[in-house]
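A.B. asks: Sharing a model that was predicted from the sequence below.
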Amino acid sequence: MSTATADLEPRAATADTDEPRVLLRDVPWATYVVLRDTVPGAGVRMTYLEGLLEIMSPSRRHEVNKKQIARFLELFCLEKDIPLYGYGSMTMRREETKRGLEPDECYARDEDKQTPDLALEVVVTKDAIDKLDVYRGLDIREVWRSKGERFTVFRLVDGAYEPIEKSIVFPEIDLAVLAQHVLRPDQHAALRAYRDALRT
């Protein structure tokens, strides 16, 4: 019988970016499922990959950034009349591939789908588990990774992610322009400016 072991990551220097993490090893799938189903979801994220389980609590900066990006994407689709279905940070897991996580946000385009087309990941501190490897086993078509002023877009091709210049799911969006607006500290003013730019 294997015993789970844990690695603790030191806390970051400030509360704004503090994202405490615990990495457990040799965690059976059934244990992960029980933990995920019994621990309240708000404020706790779990990423599972073939026996590794990372438990973390997102920072204020992380949640502000992901909410900003979500609001901009939703505004863009509303203004351009693109049907968008949002699923928030729902738990996605697949026993066959021993993978599970909660994305920062996830969406399907054009119609409601069991598997989202797009997952959004905001990076403030380093993940202990490669989330792209997790998404690969969940068959998520596209992942946007946001870190500071930059978006990196990954597309799933033949079972592996490759970086691409622009989104395939939302080719209409200029991510460089979106990133500039997202970084503005006044959320309301930033959204209004982005909306006005879309309407011109």
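C.D. replies: Okay, I see it.

A.B. asks: for the residue lying closest to residue 104 once chain neighbours are set aside, what are its contacts?
C.D. replies: Excluding the flanking residues, the one nearest residue 104 by Cβ to Cβ, 6 or more residues apart in numbering is residue 66, at 4.0 Å. C-beta: built from backbone N, CA, C; applies to glycine. Listed by Cβ atoms under 8 Å, 6 or more residues apart in numbering, the contact partners of residue 66 are 58, 104-105, 120, 122, 146.

A.B. asks: show me where pLDDT drops low in the protein?
C.D. replies: 1-17, 41-42 (pLDDT under 70).

A.B. asks: biggest helix in it, by residue count?
C.D. replies: Ordering each helix of the chain by length in residues (DSSP state H) puts helix 60-79 first.

A.B. asks: In that helix, which residues are buried?
C.D. replies: 61-62, 64-66, 68-73, 75-77 (16 or more other Cβ atoms under 10 Å).

A.B. asks: Include distance to residue 156, neighbour count and secondary structure when you put the contacts of residue 66 into JSON lines, please.
C.D. replies: Formatted as JSON lines, the contacts of residue 66 follow (distance: Cβ to Cβ, whole Å; neighbours: other Cβ atoms under 10 Å; DSSP: H, G, I helix; E, B strand; the rest coil):
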{"residue": "58", "distance to residue 156": "24", "neighbour count": "21", "secondary structure": "coil"}
{"residue": "104", "distance to residue 156": "18", "neighbour count": "25", "secondary structure": "coil"}
{"residue": "105", "distance to residue 156": "18", "neighbour count": "24", "secondary structure": "strand"}
{"residue": "120", "distance to residue 156": "15", "neighbour count": "22", "secondary structure": "strand"}
{"residue": "122", "distance to residue 156": "20", "neighbour count": "25", "secondary structure": "strand"}
{"residue": "146", "distance to residue 156": "18", "neighbour count": "22", "secondary structure": "strand"}
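
A.B. asks: with those residues in mind, which one is nearest to residue 140?
C.D. replies: Ranked by distance to residue 140 (Cβ to Cβ), the contacts of residue 66 are led by residue 120 at 10.5 Å.

A.B. asks: The closest one touches residue 89, doesn't it?
C.D. replies: No. With contacts counted by Cβ atoms under 8 Å, residue 120 stays clear of residue 89, the gap being 9.6 Å.

A.B. asks: and for these two, which residues touch both?
C.D. replies: 103-106.

A.B. asks: any idea which of these is the one closest to residue 135?
C.D. replies: residue 103 (8.0 Å).

A.B. asks: Let me see the contact set for the closest one.
C.D. replies: Residues near residue 103 by Cβ under 8 Å, 6+ apart: 89-90, 92, 116, 119-121, 140.
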